[in-house]
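Visitor: Curious how this folds, go ahead:
(one chain, ligands or ions: 1)
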Amino acid sequence: MDYHCCPECGLHHIQQRKTAQTVGQVLGAVGGIAVGMLFPFFGNKLPIPKLPQQVYQYITFAKTGSLVGGEIGMVIDEHLLNNCVCMACGHEFKQRRYWD
Ligand SMILES: [Zn+2]
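Guide: Predicted structure coming up:
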């Protein structure tokens, strides 16, 4: 069901919650850094100090991880959690898709 107003009181004061998405992004970023540390460092040949390159690699992994984690979290939000709340009556309900 796609609601653009509250199914309880019919008002449009709906706020979307992205709980699992936010959690997924954070966990994904942390997981990405962990994976980045496990991976062999592959930038050794360049005549640049090693540390900034390593940091850059971690950031790249963290970014990818947070993207993937956010996607997974979005699915959890949509299917498992009440991801919308009515600001007028406090009714919580599920919304299949986010809208911005
Ligand atoms: Zn309501």
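
Visitor: Show me which residues of this protein sit near the ion.
Guide: 6, 8-9, 86, 88-89, 91 (CB under 5 Å from the ion). Every residue, glycine included, has its C-beta placed from N, CA and C.

Visitor: swap the cut-off to 6 Å and go again
Guide: 6, 8-9, 11, 86, 88-89, 91 (CB under 6 Å from the ion).

Visitor: From these, keep the buried residues only.
Guide: Using 16 or more other CB atoms under 10 Å as the burial test, these include 6, 86, 91 as buried.

Visitor: The residues of the chain next to the ion in strands, which ones?
Guide: residue 86 (DSSP state E).

Visitor: re earlier: quick one: the buried ones among the residues of the chain next to the ion as CSV, columns for pLDDT too.
Guide: Conversion of these to CSV gives the following (pLDDT from 0 to 100):
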residue, pLDDT
6, 90
86, 93
91, 94
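
Visitor: Centre-most residue in this structure?
Guide: In the chain, the residue lying closest to the centroid (CA atoms, centre = their mean) is residue 70, at 2.3 Å.

Visitor: who are the neighbours in contact with that residue?
Guide: Residue 70 makes contacts with 21, 24-25, 28, as judged by CB atoms under 8 Å, 6 or more residues apart in numbering.

Visitor: ok, which stretches of this protein are strands?
Guide: Under DSSP E, the chain gives strands at 14-16, 84-86, 92-93.

Visitor: Just the helices from the chain, written as ranges.
Guide: 19-38, 50-79 (DSSP state H).

Visitor: Buried deepest among these, which one?
Guide: helix 19-38 (a mean of 18; mean count of other CB atoms under 10 Å).

Visitor: Mind giving me the packing neighbours of it?
Guide: Helices and strands touching helix 19-38, as assessed by 3 or more CB pairs under 8 Å, 6 or more residues apart in numbering; DSSP states H and E, comprise helix 50-79.
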